[in-house]
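> predicted model, plus sequence, below.
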Amino acid sequence: MFISLETLADAGKWLTIGVLLFFSIMNIAIIVERIFFYRNENSSAAAVRAAECLQMLKNKSYNEAAEACLQLKSGMMRLVSVTADFLRSAGSKDDDVSILELELENSLATEKLRSEKYIAILGSTGAVSPLIGLFGTVLGIMKSFAGISTGSAHGAGVLQAVSAGIWEALYTTAFGIFVSVPALMLYNYFTNRANSRLDLLANMANRMLIIAKRNRK
């Protein structure tokens, strides 16, 4: 069965709109998830508990520090838990603190993945959405000129057909830009938040290494 170019262009245009709508919904879900993630990580309760746990480590209260980590889930608490578990299980002062350093590096790598989770999707949709919208626009223009070439529009109807087709086509590009701009802005924002969080955790890990080395003397 023969399918006209106009039918294919219409189908492609609505497919384009569907893809962009899916991207916009996905972006909203990612943005909400990331906002809650960073809010929990940077809450005042997490900061206060982290300071308390550092003091517990300094006082060699390793069991108390490990139990405190179970009450609040955050990146800082995971680093404290790793340090407390190492210090309370180390048998002697000769135990190599470099083992703890490796464990903290592994924890930081895990936290890096948690910090950057889903962020790349925002960047990808932000970069691709305008191109997808432009593809829909091209299909709409093709539909307009296909109508002219087949002779379905004559005289004044030619101008009307072309202008109507282009008007319909341009809103896919507008939709693509509408999806792209906030996605790229929030991609940059969350990337900066992730880097700041990782710097803070790396600083925390260094402080715990210093405490561990002092406590093992």
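Sure, I can see it.
> which helix is the longest one in this protein?
Across the chain, the longest stretch assigned as helix under DSSP state H is helix 156-215.
> list the contacts for Ile99?
Phe86 (C-beta atoms under 8 Å, 6 or more residues apart in numbering). Glycine gets a C-beta too; all of them are placed from N, C-alpha and C.
> all helices for this structure, in order.
For the chain, helices defined by DSSP H occupy the ranges 5-41, 44-58, 62-71, 75-89, 98-115, 119-149, 156-215.
> how about Ser74, phi and psi?
Ser74 adopts backbone torsions of phi -160, psi 170, taken as degrees, to the nearest 10.
> thought it was touching Ala46?
Yes: using C-beta atoms under 8 Å, Ser74 makes contact with Ala46 at a distance of 4.4 Å.
> quick one: the longest helix of the chain to chain centroid distance?
8 Å (C-alpha atoms, centre = their mean, to the nearest Å).
> can you name every helix or strand that that helix contacts?
If contacts are counted by 3 or more C-beta pairs under 8 Å, 6 or more residues apart in numbering; DSSP states H and E, helix 156-215 sits against helix 5-41, helix 44-58, helix 75-89, helix 98-115, helix 119-149.
> now that helix: mean pLDDT?
Averaging pLDDT along helix 156-215 gives 84.
> returning to that earlier point: so which of the helices and strands packed on helix 156-215 is nearest Asn206?
Nearest to Asn206, of all those, is helix 98-115, at 8.8 Å by C-beta to C-beta.
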